[in-house]
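Visitor: next one to model:
(one chain, ligands or ions: 1)
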Amino acid sequence: MAYDQNNIFARILRGDLPCKKAFENEHVLAFHDIRPLAPVHVLVIPKGAYTSLDDFHEKASEAEQAALMKAIGQVARQAGVAAGGYRVIANTGGDGHQEVPHLHFHVLGGRPLGRMIGRPE
Ligand code: DGP
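Guide: Modelled structure (predicted):
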């Protein structure tokens, strides 16, 4: 899938749309989800134009890949959920119900999150 330069997270990265920033470095931006599903719900994204995890693994540098992984841990610690536990989710593609076509990790915590996914109906 070609990268859509006008997806919402690309616009946030360009500064065209506001976000409530949680963390930033050279390769990564993290900000609070606009529709939080838990007391802590932060989205961690690479600054590079990658649609999905596959795209990221194929094209991103080692430095970008390491920075994203490290940032997820930093965000969890900074948000105060590292000790109590949290969940990291990367919805990917159609079956994964990915809404925004820019790679992002959801970091969720601050309450018991229940089982990973519901059973199919
Ligand atoms: P996903 O289904 O994994 O692609 O989830 C996309 C998430 O992005 C969803 O939880 C809501 C969030 N989101 C959508 N638009 C915006 C926005 O403009 N700002 C912020 N902060 N989050 C957004």
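
Visitor: every contact and neighbour count from this point should use C-alpha atoms.
Guide: OK.

Visitor: elements contacting the top helix by length along the chain?
Guide: If you go by DSSP state H, the chain has its longest helix at helix 62-79. Other helices and strands packing on helix 62-79, by 3 or more Cα pairs under 8 Å, 6 or more residues apart in numbering; DSSP states H and E, are strand 21-24, strand 28-32, strand 40-46, strand 105-109.

Visitor: partner strands of the first one, with direction?
Guide: The strands beside strand 21-24 in its sheet (DSSP bridges) come out as strand 28-32 (antiparallel).

Visitor: angle of the strand it pairs with against strand 40-46?
Guide: Interaxial angle, strand 28-32 versus strand 40-46 (axes from the mean of the first three to the mean of the last three Cα atoms, to 10 degrees): 160 degrees.

Visitor: does the ligand have contacts with strand 28-32?
Guide: Yes - interface with the ligand: strand 28-32 contributes His32 (Cα under 6 Å from any ligand atom).

Visitor: how about the spatially closest residue to Phe31 that is not a sequence neighbour, what does it touch?
Guide: Leaving out its chain neighbours, the residue that sits closest to Phe31 by Cα to Cα, 6 or more residues apart in numbering is Lys21, at 4.2 Å. With contact set as Cα atoms under 8 Å, 6 or more residues apart in numbering, Lys21 has these partners: Leu29, Ala30, Phe31, His32.

Visitor: thinking again about what came up before, buried stuff in the longest helix of the chain?
Guide: Glu64, Gln65, Ala67, Leu68, Ala71, Ile72, Val75, Ala76, Ala79 (16 or more other Cα atoms under 10 Å).

Visitor: ok, now stretch 103-114?
Guide: Under 16+ other Cα under 10 Å, the buried positions of stretch 103-114 are Leu103, His104, Phe105, His106, Val107, Leu108, Gly109, Gly110.

Visitor: residues in contact with the first one?
Guide: Residues counted as contacts of Leu103 (Cα under 8 Å, 6+ apart) are Ile45, Pro46, Tyr50, Thr51, Ser52, Leu53, Phe56, Ala90.
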